[in-house]
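Asks: Provided below are the primary sequence and the corresponding predicted coordinates.
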Amino acid sequence: MAQMPRRVKHRKVQRGHIKGNATRGNKVVFGDYGLQALDPGWLKAQTIEAGRIAAQQYIRGEGKLYIRVFPHRSITSTPLETRMGKGKGEPEYWVATIKPGTILYEIGGVGEQQAKICFARLAHKMPFKVRMVKRLPM
């Protein structure tokens, strides 16, 4: 089931712009390898879940998968064939706002070749360019 917040302060938010690079959440912290976004964009909750399922099916309980993003933002839309002037539409789905450099997923407990293949499967599902990064030595 796709993720969404239990409660939010504001149900509907404005679209805004995604400016700058990620300063937080841009380093591999939990696992050994990470999948890093190279472009800005919105990542749907359904896409996050699809990536989770694809990764879990590949690693089959050998390693551990960490999801580093959460969809906090609601995206609204009005129904088709509706005239103008009836206000903003109802929330349709939830997205995570992704800046370039954000780590999306992390994997620990698997080899580099396995992580590369797993992240290649995930990269096909992402709506923007991504790359695999290693954890920096302490």
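Replies: Looks like it arrived, so ask away.
Asks: only C-alpha atoms for contact and neighbour calcs from this point on.
Replies: Noted.
Asks: Quick one: the strands in the protein, in order.
Replies: Secondary structure of the chain, counting by DSSP state E: strands at 33-37, 41-44, 64-67, 73-77, 90-98, 103-108, 130-134.
Asks: What mean pLDDT does the helix ranked longest in the chain get?
Replies: Determined from DSSP state H, the single longest helix within the chain is helix 45-59. On average, the pLDDT along helix 45-59 is 95.
Asks: Centre of the chain to that helix, how far?
Replies: Mean C-alpha position of helix 45-59 versus that of the full chain (CA atoms, centre = their mean, to the nearest Å) differs by 11 Å.
Asks: Kindly report the same for stretch 101-108.
Replies: With CA atoms, centre = their mean, you get 9 Å for stretch 101-108.
Asks: Report the contact partners of the spatially closest residue to Tyr58 that is not a sequence neighbour.
Replies: When the adjacent residues along the chain are set aside, Tyr58 lies closest to Cys118, with 6.4 Å between them (CA to CA, 6 or more residues apart in numbering). Applying CA atoms under 8 Å, 6 or more residues apart in numbering to Cys118 gives the contacts Ala55, Tyr58, Ile59.
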